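In: no FASTA, just this:
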């Protein structure tokens, strides 16, 4: 059972990394200092971006719960 959670952790870690990289930059970072933030967003967040946010939060919560369960399994 521990092995199944370890495999799930690897899969969800990879998925979470991909989802985070798919997000559009919000600005205010180091790229703005060097002229990377010259473009302005005309509209608000689209439906696709909001859905991506929701999916990322759900995957992050699943990832965190797998980490807790694995910690409990390894402790006992």
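Out: The structure has been received and is ready for your questions. Quick caveat: nothing in here was measured; it's all calculated off a predicted structure.
In: CA atoms for contacts and neighbours, from now on please.
Out: OK.
In: Show the secondary-structure elements that the longest helix along the chain is packed against.
Out: Using DSSP state H, we find that the single longest helix of the chain is helix 47-75. Secondary-structure packing of helix 47-75 (3 or more C-alpha pairs under 8 Å, 6 or more residues apart in numbering; DSSP states H and E): helix 2-22.
In: coming back round to it: same question for the longest helix of the chain: list its buried residues.
Out: 52, 53, 56, 59, 60, 62, 63, 66, 67, 70 (16 or more other C-alpha atoms under 10 Å).
In: Turn the residues you listed into CSV, columns for pLDDT and distance to residue 14.
Out: Converted to CSV, these look like this (pLDDT from 0 to 100; distance: C-alpha to C-alpha, whole Å):
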residue, pLDDT, distance to residue 14
52, 92, 16
53, 92, 16
56, 95, 12
59, 97, 10
60, 97, 11
62, 98, 13
63, 98, 10
66, 97, 14
67, 97, 14
70, 96, 17
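In: low-scoring stretches of the chain, by residue?
Out: 26-45 (pLDDT under 70).
In: Residue 52 against residue 20, yeah?
Out: No: under the criterion of C-alpha atoms under 8 Å, residue 52 is not in contact with residue 20, lying 9.0 Å apart.
In: Residue 5 contacts residue 64, doesn't it?
Out: No: look at residue 5 against residue 64 with C-alpha under 8 Å: they stay out of range, at 11.8 Å.
In: thinking again about what came up before, what angle sits between the longest helix of the chain and helix 2-22?
Out: Interaxial angle of helix 47-75 relative to helix 2-22 (axes from the mean of the first three to the mean of the last three C-alpha atoms, to 10 degrees): 150 degrees.
In: Tell me who's in contact with residue 4.
Out: Shown in contact with residue 4 (C-alpha atoms under 8 Å, 6 or more residues apart in numbering): no residues.
In: roughly how far apart are it and residue 60?
Out: Going from residue 4 to residue 60 by C-alpha to C-alpha, to the nearest Å gives 18 Å.
In: Ok, residue 66 next?
Out: Distance from residue 66 to residue 60, by C-alpha to C-alpha: 10 Å.
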